[in-house]
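Asks: A structural model of the following input is requested.
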Amino acid sequence: MSSVGLAIPHESAVGHVTGSAPYVEDLPRTDGELFVAFAGSPVAAGRITGIDTAEAAAMPGVAGVWTAADLAGPNVFGPIFHDEPFLADDELSYLGQPVVVVAAETRAQAEAAAAEVVIAVEEATPILGIDDAIEAGSTLGPVRVIERGDVADAFATAPRVLEGVFENGGQEQFYLESQACLATVDELGRVHVRSSTQNPTETQAVVAEAFGLGMHEVVCECRRMGGGFGGKETQSAIPAVMCALVARQTGRPARVVYNKSVDMLVTGKRHAYRSRWRVAFDDDGRVLALAIDFDSDGGAFADLSTSIMERTMLHADNAYALPACRFVGRIARTNLPPNTAFRGFGGPQGVIVIESVLDEVAAALGIDGFAIRQRNRYVDGDPERSIAPYGAVVKDHVLGELLDTLEASSDFADRRTEIERFNATSRTHLRGIGVCALKFGISFTTKFLNQGNALVNVYYDGTVQLSTGGTEMGQGLFTKARQVVADAFGIHHEAVRVMTTSTEKNHNTSPTAASAGSDLNNAAALDACRQIKERMVRYAAKAFASEEFGREYSEDHVVIADGRVYDSRVPIDAPTEAYGVHAFDFGRFCDAARRDRVDLGARGFFSTPGVDFNRVTGRGNPFYYHTTGAAVAGVTIDRFTGEIVVDRVDLLMDVGKMINPGIDTGQVIGGFVQGMGWCTTEELTYDATGRLTSDSPTTYKIPAATDVPRDFRFGFLENPKHKTNVRQSKAVGEPPLMLAPCVWLAVKHAIGFVGDASALRLPATGEEVLRCLGLPRRDPADGRFQRGFLPEDAPAEAWTGAPDGEPARR
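Replies: Down below sits the predicted model:
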């Protein structure tokens, strides 16, 4: 009867596709409920010199207008450093920063009144880029360093050295449900918050702190989110405080739902990076040393930027053993909304740099992408090629098998040859192929977050309720939890219900993030199941005692499986009069146990073993295990529009033994396509005042159905070495996104036939592709320039090349 390993549908699948699954905005409106809006800073940098709310307060339907002065507690919060105000009361740090909260009878009235608030400011010149921030000395947190080996000596003695700069833009989470919250206050002033949040405990703590309450006076619950992708790990705090403020001031329920443009304007994104790199290597392509200086745009406040930079540096090696390396991380403070978590949490920004560097090395030596990666990958058990830059041993992986299998199954060599032939003759299009590998560490790098708890209640009819600290945002956590618990009791998954996540039932929980939601919460659930089953077995052993066995009983013979509890010594159809009671239907057994006063409930707990990382020294073992994979992408680009078509993707991952192959498949496809968006289409643009101009679906291009690879081939490689974790499964939420750089590398490969591929930035939008096609081509072998982009009517002989040094024509 085990449902583990089955592709059962998502527990809310019907509700999702029919629109009947309720989100915060859909919760029934209660009597007296108010709608909340806010007035934000009109400038990206400056100071408040006055606030006039008189006209807003007098507008129809307005119930009140409030500022930071109305908060009962300190006006400051932050997940790592307390440096961000709930409501700006002096310094203004980004455009749209909340200043005044307005509540009214309808949403339209609240938004109209907020627009009438006058915020007088003394404007300052905003800092809007990494370079400007570094020059001004505007940074967040300390400079971090992770290093291994003698980097200086390796560069001094290396046969070959390359260097360059890699720039990647940010990325909007673009969850379908915007930031939303509904708050109520009871007769004793206790606050109940229903929030679209990945982090109920932090939301609970932030609301309590803002109003001088104990955490026991605040409950935060989350039934589901319409997507999160990291954007609701910390950024759901301000909407929750706004609603709680109104509810406490008026005694009425208060709800806020950001519209899409407001959400995009004031919330943080994936961090943009500028990464300066230098690589030393030998004539065979083996990397001898790699140095990278990472500079990220943290925005106006720290948020999670220091932890995100840490994970970038911990993934700068990706899947490759580096004898010597030095990674330096620095965070620029700019006048943009505080950037925050996004699927991968800094990992993509580290992975993409080394993958691009390896392709630069391969191009310089004239070898292919698989060869360069095989020569540098980690080798399990090899003392020279199994030590990470932070000192941990990289083990129990199948990187070599992944790359070997994928190279053959993707027809890489034949396709590369065909691409060279095509590009030599085509006047309108170019093709390219790219490959990348992945080693992604699973665990929070902050040790105390690696814990989970669960409450399991078995009812006397044999059904089960489960509550954990994990939140459901569409990723299928609740569905996997049902399967794991059902499997533990040997019952059908339909007999298990996962309850709304609430701090009232699960305390001190960690955010559902770092791809650890299933690991932590399901392991805790299994711990609770273990406790209950131990009691069940003790009771059953006594119940199964009979004259046939000398009235002796043994717990070793009790089996709980297939919807039954039975004595394994007795044939299942043996008569009761001969053997006594020897089998129960699971529901009947639970009823009998209850009648005999057996406790059928338990709280489980799990803390990830073996993780310990010293962020000051940059040494330790930050990860429980790694999820690995590799992917190949083939693309076609239009030489006149820059349009990219992803023709084919071959992807292979080691995700252990899957709890739910259907959900894992969805995560792989969705994660990869979201990564494609970061790599190719999703460009954040700001004007000179710091206003986001790509603030809607019409100006910000996430991948559409037509952008999905025309031919998408994916598979899973089971890893017999992986023995840890829940049912030998592996995390699958974030890793697939970090295989999408193969698409960007394929675009780079295509451009390299006629233009300057080394100049390609990320995302590789159509405009960016055209820019690079118009640059002179630098021969990777000798560094000389050749002619780049040529018009369609150019003479045939021009397509074979151009004299050294001749400028590109366009």
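Asks: just checking, what packs against the longest helix along the chain?
Replies: Counting by DSSP state H, the longest helix found in the chain is helix 517-543. Other helices and strands packing on helix 517-543, by 3 or more C-beta pairs under 8 Å, 6 or more residues apart in numbering; DSSP states H and E, are strand 451-458, strand 464-468, helix 477-489, strand 558-561, strand 564-567, helix 586-595, strand 601-607. In short, each C-beta sits where N, CA and C put it, glycine included.
Asks: how about a markdown table for these, with mean neighbour count added?
Replies: What follows is the helices and strands packed on helix 517-543, written out as a markdown table (neighbours: other C-beta atoms under 10 Å):
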| stretch | mean neighbour count |
| --- | --- |
| strand 451-458 | 24 |
| strand 464-468 | 24 |
| helix 477-489 | 25 |
| strand 558-561 | 18 |
| strand 564-567 | 24 |
| helix 586-595 | 18 |
| strand 601-607 | 17 |
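Asks: mean pLDDT for these: which is lowest?
Replies: Among the helices and strands packed on helix 517-543, strand 564-567 has the lowest mean pLDDT, at a mean of 91.
Asks: which secondary structure elements does it contact?
Replies: Packed against strand 564-567, as judged by 3+ C-beta pairs under 8 Å, 6+ apart, are the following elements: helix 517-543, strand 558-561, strand 583-585, helix 586-595.
Asks: do you know which of those lies nearest Val645?
Replies: helix 517-543 (34.6 Å; C-beta to C-beta).
Asks: Pull the distance from the closest one to the chain's centre.
Replies: Centroid separation for helix 517-543 versus its chain: 30 Å, with C-alpha atoms, centre = their mean, to the nearest Å.
Asks: Quick check: buried residues in that helix?
Replies: Neighbour counts over helix 517-543 (16 or more other C-beta atoms under 10 Å) mark 517-529, 531-533, 535-537, 539-541, 543 as buried.
Asks: The spatially most central residue of the chain: what's its closest spatial neighbour, skipping adjacent residues?
Replies: Nearest to the mean C-alpha position of the chain, counting by C-alpha atoms, centre = their mean, stands Arg343 at 1.9 Å. Excluding the flanking residues, the one nearest Arg343 by C-beta to C-beta, 6 or more residues apart in numbering is Phe229, at 4.8 Å.
Asks: Tell me how far the one you found lies from Ser3.
Replies: 28 Å (C-beta to C-beta, to the nearest Å).
Asks: Show me the strands in the stretch 351-500 of the chain, by range?
Replies: Along the stretch 351-500 of the chain, the stretches classed as strands by DSSP state E, counting those that start in this stretch are 429-442, 451-458, 464-468, 496-498.
Asks: next one: the stretch 651-800 of the chain
Replies: In the stretch 651-800 of the chain, the segments counted as strands under DSSP E, counting those that start in this stretch are 711-716, 777-778, 785-786.
Asks: Could you provide the helices and strands packed on helix 517-543 in TSV, with additional columns for distance to Gly629?
Replies: Output for the helices and strands packed on helix 517-543, formatted as TSV (distance: least, C-beta to C-beta, whole Å):
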stretch	distance to Gly629
strand 451-458	25
strand 464-468	27
helix 477-489	20
strand 558-561	34
strand 564-567	40
helix 586-595	39
strand 601-607	26
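Asks: Tell me which of the strands of the stretch 351-500 of the chain approaches Ser568 most closely.
Replies: Smallest distance to Ser568 across the strands of the stretch 351-500 of the chain (C-beta to C-beta): 21.4 Å, for strand 451-458.
Asks: Could you find the closest non-adjacent residue to Ile354?
Replies: Counting by C-beta to C-beta, 6+ apart, the residue nearest Ile354 is Asn318, at 4.9 Å.
Asks: Let's verify Gly329: helix, strand, or coil?
Replies: strand (DSSP: H, G, I helix; E, B strand; the rest coil).
Asks: Secondary structure element for Ala247, which one?
Replies: Assessed by DSSP states H and E, Ala247 sits inside helix 237-250.
Asks: export that helix as PDB, just CAs?
Replies: Extracted C-alpha coordinates of helix 237-250, given in PDB (Å, rounded to 0.1, in the frame of the first residue of the first chain):
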ATOM      1  CA  ALA A 237       6.900  41.100   7.300                       C
ATOM      2  CA  ILE A 238       5.900  44.700   6.300                       C
ATOM      3  CA  PRO A 239       2.400  43.800   5.000                       C
ATOM      4  CA  ALA A 240       1.800  41.800   8.200                       C
ATOM      5  CA  VAL A 241       2.800  44.700  10.400                       C
ATOM      6  CA  MET A 242       0.700  47.100   8.400                       C
ATOM      7  CA  CYS A 243      -2.400  44.900   8.800                       C
ATOM      8  CA  ALA A 244      -1.700  44.300  12.500                       C
ATOM      9  CA  LEU A 245      -1.300  48.000  13.100                       C
ATOM     10  CA  VAL A 246      -4.700  48.800  11.600                       C
ATOM     11  CA  ALA A 247      -6.400  45.900  13.400                       C
ATOM     12  CA  ARG A 248      -4.900  47.000  16.700                       C
ATOM     13  CA  GLN A 249      -5.800  50.600  16.200                       C
ATOM     14  CA  THR A 250      -9.400  50.000  15.100                       C
END
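Asks: Mind listing what's buried along that helix?
Replies: 237-250.
Asks: tell me what it is packed against?
Replies: strand 34-40, strand 62-66, strand 98-104, strand 180-185, strand 191-195, helix 200-210, strand 254-257.
Asks: Select, out of those, the one closest to Phe86.
Replies: helix 200-210 (5.9 Å).
Asks: what's the next secondary structure element after the closest one?
Replies: That would be, after helix 200-210 and using DSSP H and E, strand 218-222.
Asks: mind checking the SS state of the closest residue to Pro622 other than its chain neighbours?
Replies: Sequence neighbours aside, Phe613 is the residue nearest to Pro622 in space, at 3.8 Å (criterion: C-beta to C-beta, 6+ apart). Counting by three-state DSSP, the backbone at Phe613 sits in strand.
Asks: Looking at Phe613 now. What's its pLDDT?
Replies: Per-residue confidence (pLDDT) for Phe613: 96.
Asks: Ok, Glu547 next?
Replies: Listed pLDDT for Glu547 reads 48.
Asks: again with Glu577
Replies: 56.
Asks: so where's the stretch 51-200 of the chain shaky on pLDDT?
Replies: Within the stretch 51-200 of the chain, no stretch has pLDDT under 70.
Asks: Also the chain?
Replies: 546-553, 576-581, 778-810.
Asks: what about 90?
Replies: By pLDDT under 90, the weakly predicted segments of the chain are 1-2, 541-557, 567-584, 718-725, 776-810.
Asks: which residue ranges form the helices in the stretch 1-150 of the chain?
Replies: Listed in chain order, the helices of the stretch 1-150 of the chain (DSSP state H, counting those that start in this stretch) span residues 13-18, 54-57, 107-115, 130-136.
Asks: ugh, wrong one, the stretch 701-810 of the chain
Replies: 741-751, 766-773.
Asks: out of those helices, deepest packed?
Replies: helix 741-751 (a mean of 29; mean count of other C-beta atoms under 10 Å).
Asks: Need the contact partners of that helix.
Replies: With C-beta atoms under 8 Å, 6 or more residues apart in numbering as the test, helix 741-751 has contacts from 348, 351-352, 355-356, 359, 369, 419, 423, 430-436, 631-637, 644, 646, 649, 675-676, 679-680, 757, 760, 762-764, 769, 772-773.
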